[in-house]
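Novice: The sequence isn't on hand, but the structure is:
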């Protein structure tokens, strides 16, 4: 299991005896007003983390008529904001039950065209589910094996010309991630560097 900056476990199925401390914050982005419900034991519970913010500033959906998958969605900021901004159907997968329940609240709160699964990686993302894009702010402390499974699964679930978008810090393995994705997809573009964060994009040929 992995602890967030407040010392709470977030990359785990259940939160055990961790006391619930519900909270809500407002997020203003590109002329839209979002409200996010959060709680103790979820990643970046006080506000959207900078890596996700950089992703939102740089992600652009392609023209493929398939849903977008947010893998490791937390309480849903990436998937929900992308859905509302671009009028896209998004699917969110999250292992943490508390975070998953927050996603459900946040979908309703923000009137997002989204659905969510309490899923350990692609456990509940069936083989027939295909996506135009996969976005992920991967749980670095879960380890390289877990993170590589996110990338491998994205490749399998993307349609031809579909895109994987990753935000990752340089100090947490952006260069090695770029190498891995280049080997997996045959390409990997650095879309943006911002305060040590890299936005990487690979396209499935």
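Specialist: On my side now, so go ahead. All figures in this text were calculated on a predicted structure; none of them were measured in a lab.
Novice: Give me the below-cutoff pLDDT ranges for this structure.
Specialist: Residue ranges of the chain with pLDDT under 70: 1-17.
Novice: pull the longest strand from it.
Specialist: Longest strand in the chain, counting residues (DSSP state E): strand 158-169.
Novice: how about the residue nearest to residue 23 when sequence neighbours are not counted, phi and psi?
Specialist: Setting aside the residues directly before and after it, residue 23 is nearest to residue 38 in space (C-beta to C-beta, 6 or more residues apart in numbering), at 5.1 Å. In short, each C-beta sits where N, CA and C put it, glycine included. Dihedral angles of residue 38 (phi, psi; degrees, to the nearest 10) stand at phi -130, psi -180.
Novice: Burial check on residue 38, number of neighbours?
Specialist: The local packing of residue 38 (other C-beta atoms under 10 Å) involves 26 other residues.
Novice: just residue 143 next, same as before
Specialist: Residue 143 is flanked by 12 other residues according to other C-beta under 10 Å.
Novice: where along the chain do the helices fall?
Specialist: Remark: helices assigned in the chain by DSSP state H are 50-58, 77-86, 97-109, 144-157, 174-185.
Novice: Residue 198: which of those helices is closest?
Specialist: Closest of the helices of the chain to residue 198 is helix 174-185, at 4.0 Å (criterion: C-beta to C-beta).
Novice: Just the residues contacting the closest one, thanks.
Specialist: Residues from elsewhere that reach helix 174-185 (C-beta atoms under 8 Å, 6 or more residues apart in numbering): 147-148, 151-152, 155, 164, 166, 168, 187-188, 190, 197-198, 200, 202-205.
Novice: returning to that earlier point: elements contacting the longest strand of the chain?
Specialist: Using 3 or more C-beta pairs under 8 Å, 6 or more residues apart in numbering; DSSP states H and E, the elements in contact with strand 158-169 are helix 50-58, strand 131-136, helix 144-157, helix 174-185, strand 197-203.
Novice: That concludes my questions; thank you for your assistance.
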